[in-house]
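S.K.: return atomic coordinates for the entry below.
(one chain, ligands or ions: 3)
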Amino acid sequence: MGKTGRSGFLGVLSQIFKEESTVIRPPYAVTDATFEECKTCAAACVDVCEEKIIRTDSMGVPFLDFSANGCSGCEKCMEACSPNVLNDPQWFVQAKAHISTMSCMSHHDTICFSCKEPCMENAIVFEGMFRPIIIPDKCTGCGYCIAVCPSAAIAMSA
Ligand code: SF4
Ligand code: SF4
Ligand code: SF4
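M.R.: Ligands and ions are numbered 1, 2, ... in the order given. This is a model prediction of the structure:
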């Protein structure tokens, strides 16, 4: 397969992979949070998020968008949430990153280490030198590895 053909093929796989990603709620949600309060809230969490990763859906319920950045754990969303939907400092992002071996360039003979550098937890290791995998026990769900991946091969799942 030629270079253009391969990138087109990987692009299609990336799109499929993205569509399979699950919705991830903001960190620090209390146990059994339903996010019902969010539907009538001014969504202060969105305004204060220092990484600008909190968005709201059509019902006003917040979710994390890792397409440009990750969660620094600054706790500003929790501090701003007056209904106390976000009020548990021990409960970080409830998701883990995972790499699609179908989409990842390094799994298809093109060396790439883009995801490794932003991972402060060293949760991304390279098997056989070049093929990255994520160690679930180390992944905090911060999401900083997602935006840097040139082939959109990393996604979060709850
Ligand atoms: S500030 Fe709290 S209640 Fe309001 S949208 Fe954000 S998480 Fe929901
Ligand atoms: S902890 Fe900070 S960076 Fe993370 S979602 Fe909340 S406000 Fe944004
Ligand atoms: S989500 Fe964060 S901790 Fe997990 S692999 Fe990506 S950068 Fe590392």
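S.K.: neighbours around the residue nearest to residue 83 when sequence neighbours are not counted, how many?
M.R.: If you skip the residues right next to it in sequence, residue 83 has residue 37 as its closest partner in space, 4.0 Å away by Cβ to Cβ, 6 or more residues apart in numbering. Quick note: C-beta positions are derived from backbone N, CA and C, even for glycine. Here the neighbour count serves as a burial measure; for residue 37 (other Cβ atoms under 10 Å) it reads 15.
S.K.: I'd guessed residue 37 sits against residue 87; true?
M.R.: No: no contact is recorded between residue 37 and residue 87 when judged using Cβ atoms under 8 Å, the distance being 11.2 Å.
S.K.: re the thing from before, gap between the residue nearest to residue 83 and ligand 1?
M.R.: Here the distance between residue 37 and ligand 1 works out to 5 Å (Cβ to the nearest ligand atom, to the nearest Å).
S.K.: check that residue and give its pLDDT.
M.R.: pLDDT, the model's per-residue confidence, is 98 for residue 37.
S.K.: for residue 23, see how far away it is.
M.R.: For residue 37, the distance to residue 23 equals 17 Å [Cβ to Cβ, to the nearest Å].
S.K.: ok, the residue positioned nearest the centre of the chain - contacts?
M.R.: The centre of the chain sits closest to residue 143, judged by Cα atoms, centre = their mean, with a distance of 3.7 Å. Contacts for residue 143 were tallied using Cβ atoms under 8 Å, 6 or more residues apart in numbering; they are 24, 53, 64, 66, 69-71, 93, 95, 97, 156.
S.K.: which of these are close to ligand 2?
M.R.: 53, 71 (Cβ under 6 Å from any ligand atom).
S.K.: now for the contacts of residue 143: which two are most distant?
M.R.: By the measure Cβ to Cβ, the contacts of residue 143 have their two most distant members at 69 and 95, which lie 15.0 Å apart.
S.K.: who's more crowded, these two?
M.R.: More neighbours surround residue 95 than the other of residue 69 and residue 95, with 23 against 18 (other Cβ under 10 Å).
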